[in-house]
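Visitor: Here is the input, now give the coordinates:
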Amino acid sequence: MIVTPSGRPDTRRPHRTLADSPGASARSAGPPSGLAATGITVAYDGVDVVHEADLRLPRGRVTALIGPNGSGKSTLLRAVARLHRARTGSVTVPAEGSGDAGDNEPVDALALSRTDFARRVTLLAQSRTTPAGLSVREVVGFGRHPYRGRLRGNDPDGARLVEHALAVTNIAGLADRGVESLSGGQLQRVWFACCLAQDTEVLLLDEPTTYLDLRYQVEILDLVRELADTHSVTIGVVLHDLDQAAAVADQVVLLSSGRVAAAGTPAEVYDPQLLTDTYGIRIDVEPDPATGTPRTRAVGRHHLRLERP
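Guide: Down below sits the predicted model:
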């Protein structure tokens, strides 16, 4: 299931691996893939906007897609979610019942039926219309759409998984409230719960902190980390804030002009010169004194007056 701007479920169907990029050797090992995309090229009006991009999402880990506006982050994510048809490339997901060992052959995600794909992968889209006249519990129930028959029956696990999703996202106390009465941060948790109720191994998030104030941004990122650490969800997330990406992600994928420029841990990818070249502005990088993760500072003209010789 895809949570689209209309707020309704949508299950429409619609590379570059840099061997010498930072962290390439580290990526050859590690946990099995929850999702792997290879050689993805996407075109708009006959013009390629994503070029042969590779994306590997390890199971139970958080992978952040970063890069400037127009670099192809959201387009790549939506292509992997089958909302944009890729001109070239392949996407695989683990076979059902493969477990943590990942010893079964992966299956072609692009060949799966809409329902089978929606039972493995879900996308929380960047913007959504708040549905009117529905309770929080009813909206979270949208996540059970791939498991229901035409008469909305045959879903014996539905009620239990909806309640579980409400509890994990800490909105059980809001279950009977109308969604139109919620704050932005609360509503974002409702959409997260909707995705969790879908009970997929892979969760794709397109800028989930956009338009939220600082408190709710931190709470959403804490939830992302908890889903990976506690519930073994495989997460791919598009983020604009480099420091947030470094704090929440196990690995980052840097895109530039529709191509993968680097992939690896934040410490491997956050090279000052690479980020400066990619974003077109001087970016300094230093370790956070509390956590040791990279912390960035974009330096504009107004910063220069504060620098002392």
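
Visitor: Count the residues that sit near the residue nearest to Arg215 when sequence neighbours are not counted.
Guide: Nearest residue to Arg215 in three dimensions, chain neighbours excluded: Gly185, at 7.1 Å (Cβ to Cβ, 6 or more residues apart in numbering). Yep, even glycine has a C-beta here, placed from its N, CA and C like the rest. Neighbour count of Gly185, defined by other Cβ atoms under 10 Å: 17.

Visitor: what's the helix or strand for Gly185?
Guide: Under the criterion of DSSP states H and E, Gly185 resides in helix 184-197.

Visitor: what do you get for Leu77?
Guide: helix 73-80.

Visitor: ok, and what's touching that helix?
Guide: 14, 35, 37, 40, 42, 49-50, 53, 55, 65-67, 84-86, 89, 91, 121, 123, 126, 204, 206-207, 236, 238, 255, 258 (Cβ atoms under 8 Å, 6 or more residues apart in numbering).

Visitor: next one: stretch 283-300
Guide: Under Cβ under 8 Å, 6+ apart, the answer for stretch 283-300 is 242-243, 246-247, 266-267, 270-272, 275-276, 279, 281-282, 303.

Visitor: middle-most residue in this protein, spatially?
Guide: Val237 (2.5 Å; Cα atoms, centre = their mean).

Visitor: now the helices for this structure?
Guide: 24-27, 73-80, 114-118, 136-140, 158-168, 184-197, 214-231, 242-248, 266-269, 272-279, 301-304 (DSSP state H).

Visitor: can you list the weak-confidence ranges in the protein?
Guide: Within the chain, the segments meeting pLDDT under 70 span 1-31, 97-104, 149-153, 303-309.

Visitor: try 80 this time
Guide: 1-33, 95-104, 127, 149-154, 301-309 (pLDDT under 80).

Visitor: related to what we said a few turns ago, who does the residue nearest to the centre of the chain form a beta bridge with?
Guide: Per DSSP bridges, the residues bridged to Val237 are Ala64, Leu205.

Visitor: hang on, it packs against Val202?
Guide: No: the pair Val237 / Val202 is not scored as a contact, 11.6 Å apart, by Cβ atoms under 8 Å.

Visitor: just to revisit the earlier point, tell me the angle the helix holding Gly185 makes with helix 214-231.
Guide: 20 degrees (axes from the mean of the first three to the mean of the last three Cα atoms, to 10 degrees).

Visitor: Give me the buried positions along helix 184-197.
Guide: 185-197 (16 or more other Cβ atoms under 10 Å).

Visitor: Same check on stretch 263-279?
Guide: 263-271, 274-276, 278-279.

Visitor: could I get those residues as a markdown table with distance to Arg297?
Guide: Shown next, in a markdown table, are the buried residues of stretch 263-279 (distance: Cβ to Cβ, whole Å):
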| residue | distance to Arg297 |
| --- | --- |
| Ala263 | 23 |
| Gly264 | 21 |
| Thr265 | 20 |
| Pro266 | 15 |
| Ala267 | 16 |
| Glu268 | 19 |
| Val269 | 16 |
| Tyr270 | 12 |
| Asp271 | 14 |
| Leu274 | 15 |
| Leu275 | 11 |
| Thr276 | 11 |
| Thr278 | 15 |
| Tyr279 | 12 |
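
Visitor: And those, which is closest to Asp108?
Guide: Ala263 (22.6 Å; Cβ to Cβ).

Visitor: Once you drop chain neighbours, what's closest to Phe192?
Guide: Thr169 (5.2 Å).

Visitor: Contact partners for that neighbour?
Guide: Contacts of Thr169 by Cβ under 8 Å, 6+ apart are Arg189, Val190, Phe192, Ala193, Leu196, Leu223.

Visitor: how near is it to Gln126?
Guide: Per Cβ to Cβ, to the nearest Å, Thr169 is found 19 Å from Gln126.

Visitor: Check Lys73 too.
Guide: Counting by Cβ to Cβ, the gap from Lys73 to Gln126 is 10 Å.

Visitor: who has more neighbours, these two?
Guide: Lys73 (25 against 16).

Visitor: What's the local residue count around the residue lying closest to Leu274 once chain neighbours are set aside?
Guide: Nearest residue to Leu274, sequence neighbours excluded (Cβ to Cβ, 6+ apart): Ala262, at 6.2 Å. If you count neighbours by other Cβ under 10 Å, Ala262 ends up with 23.
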